[in-house]
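**Q** using only what follows, build the 3D model:
(2 chains)
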Amino acid sequence: MNQDSGIKYIYYSIFGFVALTFIIKLFLLQVPNNAYKEFANMYAIRRVVKYPARGNILDRNGNLMVSNEYAYDLLMVPAEAKPIDTLELCRLVDIDKTEFIKITSQVWARIKERKMSKTQAVPIAKDLSKEYFSTIQEKMYKFPGYFLDKKPLRKYPKPIAAHILGYVGEVDTSVTKKNPYYQPGDYIGISGIEKSYEESLRGRKGVKKVFVDVHNNEKGSFMNGMYDTASVQGENLTTTLDMELQEYGEMLMRNKKGAIVAIEPKTGEVLAMISSPTYDPNHMVGRNKRKYYPELLLDKTKPLYNRAIMDGYPPGSTFKVMEALIGQQEGVLFPNTVYPCGGGYRISATHRVGCHAHPNADLRYSIQTSCNAYYCAVFNSIVKKYKTAREGYNVWRNYVVKFGFGQNFPDSDIPNIKKGNVPTSDFYDKRYGKGGWRALTVISLGIGQGELQANALQIANLACIVANRGYYITPHVGKKIGNRDLKAEGYFPKHETGIDDKYFDIVIEGMYGAVNVPGGTALVGKLNHIVICGKTGTAQNPHGEDHSVFMAYAPRENPKIAIGILVENAGFGATWAAPIASLMIEKYLTDTITRPALEKRMLEGNLMNIK
Amino acid sequence: MSSRNQNIIGNIDWWLMAGYLFLVFFGWINIYSASYSDEHSSIFDLSAEQGKQFMWICISLGLGFFLFLFDTKFFQAFSFFIYGSVLVSLVLVLIFGQTVAGNKSWFVITSSIKIQPSEFAKFATALVLARVMGDNKFSFTPSISSDNRFKFLGIPFHITKNGMLAIILVLIPAALILLENDTGTTLVFLSFFLAFFRFGLNWIFFIVGVISVVVFFTSILYPVGFVLTALALIGLIAFFFMRNLIGGWKIIVLLLLFFTGLTLAVKPIYNHVLKEHHRKRIMVLLGQEKDMKGSGWNVNNSKMAIGSGGVLGKGYLKGSLTKLKYVPKQHTDFIFSTVGEEWGFVGSAGIILIYLFFIIRLIAAAERQRSMFNKVYGYIVACIMFFHFFMNIGTAVGLAPAVGIPLPLLSYGGSSLMGFTLLIWVFLKLDSQNLQILR
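**A** Modelled structure (predicted):
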């Protein structure tokens, strides 16, 4: 057997058979014309991230508020980049040659430090408009390793509602570290609705692999897109905003500092949220942003700041409406309660809270005329009902918080609402010592001054509570995502204030009087065909001219709109705040303006330079 | 003894030597292509794969010349010692070794130099088997006349004690390597059995083995009933041809029982014994699944790259998919895809023919050996080479499951290159002294 060499032929045939099989297989793979052959001319596979268009944002009537427009980024793949006519490319994309050299040398430095891969595309110029695209695309063959990538950018058909809509910008490294979805350079909603509905609006980005030939042309998808992930279009968001009202409010607030919030009382739907001065939201997009954003940041009037939901000012006399309700609920105030005014409320021998001279008031009349002395007395009586000032104050504060003050509506979809301030009893304990204060010490709270801080949203919400006779729905701006009704999904709950229905009659009567009865503080806002109930206020401003405050709702029966408005440095509430609110109400309810003279005065008013 | 016979240079099989040098050199330039990058553009860059491979080639050649200094008798005398040392290192690597890509089979010397003792286990096992089977009294099956006791139903299936020893000597390192979780290298030990048939192991085992593989895969794909029916039909046909052979029907009945049992066992083994990644590889191989993340991705991309090469290839260093690092592990297990892409059908078929030539030449050289030790050793080297060639290129073209073993002499890797250098150069040395052995 050991000398037998015949067996070796069995081995030869096994080996030969395998080799032949391989050669046949290779022949089948390599020689006939098939899909594999297409690869022969391919130069590169490029991984392209497909950014879906963000969902559109619509107003409550289906009008387009935010849509998208395509822009182009010029990207470079270092591994494929060849020496090019830099000057020509720079001219095409309108960037400085030195800047271009700076960017590319940084890229090469990072590659050298092995911080990035050579095959990773890096942006050289961003957000080129469509007009650039057509001219550059024709010449791309001259720039191997460079390509244009299309991406959607936000577009605002009307330059309104910048604050509440918010803006979209490049994601922060703090986010990319936490959330793997986001890659550096991705866009994310940074403020407003864009932020709170980010996940619905953004959709899901996809990745596409494409072939690129030696001439730098895309040659279709790689392997029929087997490895691609489709991008999913963002969902459309229908908001509760009314574009016309928003636009009108912004017009009225032009050249004034302040904020207006309008809410539909029954639903808590925010109809308009105006913060002035404002800016054109288109200025926060793409190349514009680089130009305008620094200006906006430096502007002393703080146009980027959403005054409607900031910490705010003392709510002033609008607070008295709530005071009247708490007093009644606590059983220390009745419709026929009369407090002497006499031009003010004596706190001590030397101190008094001033008031304007008017006859002694009952409850209705106290609201109509906004008597300071009356509400000092009411506040005093609420607190005094309890053994200690602390206990009484806590009871009072509890009500105030239930009215939405000193809180930031955590159920709301409006991001970054500030709480304002309703001091706790601990705060006064600290300031005056335990037991070192009583109702009179903090009496200015009774008329909405002192440490109190509230914003237009909270004041509008107070008007809602009165309109609803005791409750409010969390104020919100989202109505529908796609076809999903957010309220039906239980997003925005109802909040009771704990005030009985019956106590509202007299308060509403007073608010009716303030606007409609001669002697009322807001008579200037009276409308003949719509019954408005309102309450003026003046927020004391230690730094200058007082701020004008007004809250109102209309119509009196079956209210459709509630408004809170703050106009900075505008003095008494009736001069600016009440007329603007009245015009807004008229615009919203009737869509026509019957008082062109008043409208003209409001539109032309310029309070920007008053301090 | 004539002086010609003492002239080692003159007695070297220069065809094998040329084949060895060609494959090593061709491997190196293809590793350069597969690992090419702008940062490492020199073929001698020691921080890149091509440079390291160059270093390994130099070391291997040095090792080869060093081996020529030994006398043939050294390898015979020290075969058990070498085998024992390798077994010890295989145990040590299980304890102290490092896990690289899921295999706990590496001794790490520096971060860039790692040694895989399992690559040397093949050499050691080949030597020890040559020693055991080279004994004049060695036989797998006792002569039919000598002993009837071990006949089972009259069929000589049994194996002698010496034969069992040879099998066990293969199984011990194979088991240790399996413990390292290195399935690919474990499978390589099957190649020893392929060599055994030359030395008296009944070919029926080979046929049973091949049919078992076929039955295994068909049982996964088709219902048990179908496979059993097919087996029964084949059995009937076989019976028709073999009924006149002595014990023929018994063999058929026995084999039918065996394959029936195997058929019934396949599904439970497949579902419960094999691991998820094994199942995936099998499904990909059978074309049942496109596992685009794991091994399917590698194999598919390898086929793509090879296919894109066309008849003449894209040219050396011009393989776009190679440049894109499109095929994973392209410089190691998938080096053949670089060959396919850049050298085309002509080049890759040429490489297959060179391997075929090399392996056949090894067998032919083994056959001319006067010493049994040399002959056994030569056959084993040829069979190991063949098994690697079969599994590696089979994987690259999508005909064999991806088990992850290197292409001999071509793939990147110091341990692999040195392992094959040992195997081949020791045989070259043995062969060069063949004529000194008196018949």
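**Q** can you give me the end-to-end distance of stretch A:231-238?
**A** Terminal residues of stretch A:231-238 are spaced 22 Å apart (Cα to Cα, to the nearest Å).
**Q** now it, how far from the centre of its chain.
**A** Centroid displacement of stretch A:231-238 relative to its chain, using Cα atoms, centre = their mean, to the nearest Å, is 18 Å.
**Q** hmm, who's touching that stretch?
**A** A:50-60, A:62, A:193, A:197, A:200-206, A:478-482 (Cβ atoms under 8 Å, 6 or more residues apart in numbering or on different chains). From N, CA and C alone the C-beta is placed, and that goes for glycine too.
**Q** now, those residues that are in helices?
**A** When those are checked against helices (DSSP state H), the matches are A:193, A:200-202.
**Q** TSV please, covering those residues and showing distance to chain B, pLDDT and neighbour count.
**A** Converted to TSV, these look like this (distance: Cβ to the nearest Cβ, whole Å; pLDDT from 0 to 100; neighbours: other Cβ atoms under 10 Å in any protein chain shown):
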residue	distance to chain B	pLDDT	neighbour count
A:193	38	94	25
A:200	30	92	17
A:201	31	93	24
A:202	26	91	25
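**Q** pick the one among those residues closest to residue B:103.
**A** residue A:202 (42.5 Å; Cβ to Cβ).
**Q** skipping adjacent residues, who's closest to that closest one in space?
**A** Nearest non-adjacent residue to residue A:202, counting by Cβ to Cβ, 6 or more residues apart in numbering or on different chains: residue A:234, 5.2 Å away.
**Q** what values do phi and psi take at the one you found?
**A** Phi and psi for residue A:234, reported as degrees, to the nearest 10, are phi -70, psi 150.
**Q** just give me the neighbour total for the residue nearest to residue B:188 when sequence neighbours are not counted.
**A** Closest residue to residue B:188 apart from its sequence neighbours, by Cβ to Cβ, 6+ apart: residue B:387 at 5.6 Å. Residue B:387: 22 surrounding residues under other Cβ atoms under 10 Å in any protein chain shown.
**Q** can you check residue B:236 too?
**A** With other Cβ under 10 Å as criterion, residue B:236 counts 11.
**Q** per-residue confidence at residue B:152?
**A** The per-residue pLDDT reported for residue B:152 equals 56.
**Q** same question, the one 5 residues further on
**A** The confidence metric pLDDT takes the value 58 at residue B:157.
**Q** how about residue B:416?
**A** The model's pLDDT for residue B:416 equals 91.
**Q** mind pulling up the pLDDT for the residue of chain B found nearest chain A?
**A** In chain B, the residue that lies nearest chain A is residue B:307 (2.5 Å; Cβ to the nearest Cβ). Here the pLDDT value assigned to residue B:307 is 86.
**Q** from memory it sits against residue A:27, does it?
**A** No: assessed by Cβ atoms under 8 Å, residue B:307 is found out of contact with residue A:27, at 10.8 Å.
**Q** pick out whichever of the two has more residues nearby.
**A** Of the pair residue B:307 and residue A:27, residue B:307 is the one with more neighbours under other Cβ under 10 Å, namely 27 against 14.
**Q** so what's residue A:289 up against?
**A** Taking Cβ under 8 Å, 6+ apart as the test, what residue A:289 contacts is A:169, A:283.
**Q** quick one: secondary structure of it?
**A** At residue A:289, secondary structure determined by DSSP: H, G, I helix; E, B strand; the rest coil is helix.
**Q** which stretches of chain A have low pLDDT?
**A** By pLDDT under 70, the weakly predicted segments of chain A are A:1-5, A:33-46, A:114-117, A:119, A:211-227, A:342-343, A:349-350, A:356-358, A:573, A:611.
**Q** nearest residue to the middle of it?
**A** residue A:192 (1.9 Å; Cα atoms, centre = their mean).
**Q** check whether the lengthiest strand in chain A contacts chain B.
**A** Looking across chain A with DSSP state E, the single longest strand is strand A:64-76. No: using Cβ under 8 Å from any Cβ of the partner chain, strand A:64-76 stays clear of chain B, with a minimum separation of 15.2 Å.
**Q** what residues of the helix or strand just after that strand count as buried?
**A** Using DSSP states H and E, the next helix or strand after strand A:64-76 towards the C-terminus is helix A:86-93. Residues of helix A:86-93 classed as buried by neighbour count (16 or more other Cβ atoms under 10 Å in any protein chain shown): A:89-90, A:92-93.
**Q** surely residue A:279 touches residue A:160?
**A** No: counting by Cβ under 8 Å, residue A:279 does not reach residue A:160; the two are 10.4 Å apart.
**Q** which one's more surrounded, these two?
**A** Just comparing residue A:279 and residue A:160: by other Cβ under 10 Å the higher neighbour count belongs to residue A:160, 25 against 19.
**Q** any idea which element the more buried one lies in?
**A** For residue A:160, there is no enclosing helix or strand under DSSP H and E.
**Q** low-confidence ranges in the stretch 251-400 of chain B?
**A** B:287-297, B:324-326.
**Q** just so I have it, where are all the helices in it?
**A** For the stretch 251-400 of chain B, applying DSSP state H, counting those that start in this stretch gives helices covering B:276-285, B:295-308, B:320-323, B:335-367, B:372-396.
**Q** hmm, back to that, now the longest strand of chain A - C-alpha only, PDB.
**A** Provided in PDB are the C-alpha atoms of strand A:64-76 (Å, rounded to 0.1, in the frame of the first residue of the first chain):
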ATOM      1  CA  LEU A  64     -49.400  77.900   6.300                       C
ATOM      2  CA  MET A  65     -47.200  79.600   8.900                       C
ATOM      3  CA  VAL A  66     -43.900  77.600   8.400                       C
ATOM      4  CA  SER A  67     -42.900  75.600   5.400                       C
ATOM      5  CA  ASN A  68     -39.600  74.600   3.800                       C
ATOM      6  CA  GLU A  69     -37.300  75.700   1.100                       C
ATOM      7  CA  TYR A  70     -34.400  73.800  -0.300                       C
ATOM      8  CA  ALA A  71     -30.900  75.000   0.100                       C
ATOM      9  CA  TYR A  72     -27.600  73.400  -0.700                       C
ATOM     10  CA  ASP A  73     -24.400  72.700   1.200                       C
ATOM     11  CA  LEU A  74     -21.100  72.400  -0.600                       C
ATOM     12  CA  LEU A  75     -19.300  69.400   0.800                       C
ATOM     13  CA  MET A  76     -15.900  68.100   0.400                       C
END
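**Q** list the buried residues in it.
**A** So for strand A:64-76, counting by 16+ other Cβ under 10 Å, buried means A:65-68, A:71-76.
**Q** nearest to residue A:511 among these?
**A** Set against residue A:511, the nearest of the buried residues of strand A:64-76 by Cβ to Cβ is residue A:65 (32.4 Å).
**Q** for residue B:285, give me its contacts.
**A** Applying Cβ under 8 Å, 6+ apart to residue B:285 gives the contacts B:299, B:398, B:400-402.
**Q** and if we set it to 10 Å?
**A** B:217, B:295-296, B:299, B:394-395, B:398-402 (Cβ atoms under 10 Å, 6 or more residues apart in numbering or on different chains).
**Q** again, but for residue A:162
**A** Residue A:162 neighbours (Cβ under 10 Å, 6+ apart): A:156, A:191-192, A:250, A:274-275, A:278-284, A:296, A:303-304, A:306.
**Q** residue A:102 belongs to a helix, doesn't it?
**A** Yes: counting by three-state DSSP, residue A:102 falls inside a helix.
**Q** was I right to think it contacts residue A:96?
**A** Yes: assessed by Cβ atoms under 10 Å, residue A:102 is found in contact with residue A:96 at 8.8 Å.
**Q** alright, calling it a day.
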